[in-house]
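Q: could you look at this predicted model? Sequence included:
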Amino acid sequence: MTGKDTLLDDFCDLAPWQAIAPGAARLQLRHARDGDGCIMHLDYDLAGGGFVIARRALALTLPEDYAFTLERRGHG
């Protein structure tokens, strides 16, 4: 992160997160430790189609020029 970056979530507490899985899809959120920090797992089954969403509300005031950076890895 640079001097202007702000960490929005360290993923050590998933209570503010909401798992959304419409229809026959399934989503379970869980956290684990990875190296020096926490990570959020999205365990999902799309049941042949559909989508899932991991959502969290944040009170942010964003400038006109902003960007979000997310590190991810996975399979499935």
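A: Thanks, I have the structure now. Numbers count the residues shown, from 1 in each chain.
Q: can you count the residues close to Tyr44?
A: Neighbourhood size, Tyr44 [other CB atoms under 10 Å]: 19. (Each C-beta comes from the backbone N, C-alpha and C, glycine too.)
Q: next, Asp45: phi, psi?
A: Dihedral angles phi and psi of Asp45 (degrees, to the nearest 10) take the values phi -140, psi 120.
Q: right, I mislabeled it, should have said Glu71
A: phi -90, psi 130.
Q: same question for Ala32.
A: The phi/psi pair for Ala32 (degrees, to the nearest 10) is phi -150, psi 170.
Q: and the closest residue to it other than its chain neighbours, what element?
A: Nearest residue to Ala32 in three dimensions, chain neighbours excluded: Ile39, at 5.7 Å (CB to CB, 6 or more residues apart in numbering). Using DSSP states H and E, Ile39 sits within strand 37-45.
Q: give the buried residues for that strand.
A: Ile39, Met40, Leu42, Tyr44 (16 or more other CB atoms under 10 Å).
Q: off-centre distance for stretch 35-52?
A: The chain centroid and the centroid of stretch 35-52 are separated by 8 Å under CA atoms, centre = their mean, to the nearest Å.
Q: stretch 64-76 too?
A: For stretch 64-76, the separation from the chain centroid amounts to 9 Å (computed by CA atoms, centre = their mean).
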